[in-house]
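Q: all I have is the shape, not the residue letters:
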């Protein structure tokens with residue numbers, strides 16, 4: 001990856017909302033946030049429900065052309081999102097593997113979209 005692609009993995013913030021590069025240190029907080037809405041995982045291609053969280057987390061961590069973010073509201077982990085298929089030659093990426101806990105979805109989604 002080139003420097004521009006690497007820069008996509010930097011922390012981002014706006015007001016109370018902060019996106020941090022997702023690391024092993026975020027595992028427990030993200031697992032708890034993902035367990036707040038068990039029904040949602042039925043529609044996801046990859047499940048972060050309690051039974052599948054660790055395997056999915058581990059798999060996502062190995063993807064080289066992804067930039068993973070833990071989403072925080074104040075200091076509380078409330079979800080995650082990723083830049084997927086980062087392709088610096090084409091200047092292209094997708095946004096996906098996104099989840100926000102149900103309690104803060106509307107507020108966090110609005111503020112995060114402004115980042």
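A: All right, it came through fine. The shown structure was predicted, so the numbers you read here are calculated from the model rather than taken from an experiment.
Q: show me the shaky parts of this structure.
A: For the chain, the stretches flagged by pLDDT under 70 are 1-2, 4-5, 103-115.
Q: tell me the SS of the residue sitting furthest away from the middle of the chain?
A: Taking C-alpha atoms, centre = their mean, the residue of the chain most remote from its mean C-alpha position is residue 89, at 23.6 Å. Three states are possible here, and by DSSP: H, G, I helix; E, B strand; the rest coil the one that applies to residue 89 is coil.
Q: next one: it from residue 67, what distance?
A: The spacing between residue 89 and residue 67, counted by C-beta to C-beta, to the nearest Å, is 16 Å. Where C-beta positions appear, they are placed from N, C-alpha and C, glycine not excepted.
Q: please enumerate the strands of the protein.
A: Secondary structure of the chain, counting by DSSP state E: strands at 12-14, 17-21, 67-73, 76-87, 92-100.
Q: those: which one's closest to residue 42?
A: Proximity to residue 42 (C-beta to C-beta) singles out strand 92-100 among the strands of the chain, at 13.0 Å.
Q: got the angle between that closest one and strand 76-87?
A: An angle of 160 degrees separates the directions of strand 92-100 and strand 76-87 when computed by axes from the mean of the first three to the mean of the last three C-alpha atoms, to 10 degrees.
Q: what residues does strand 92-100 touch?
A: 8, 33-34, 40, 44, 46, 48, 60, 66-68, 71, 78-87, 108-109, 112 (C-beta atoms under 8 Å, 6 or more residues apart in numbering).
Q: do that again at 7 Å, thanks
A: Judged by C-beta atoms under 7 Å, 6 or more residues apart in numbering, the contacts made with strand 92-100 from elsewhere in the structure are 34, 46, 48, 60, 71, 78-87, 108-109.
Q: and what of stretch 17-37?
A: When contacts are taken as C-beta under 7 Å, 6+ apart, the neighbours of stretch 17-37 outside the stretch itself are 9, 11-12, 48-50, 53, 57, 68-73, 77-80, 99, 101-103, 108, 111-112, 115.
Q: I appreciate the help and will end here.
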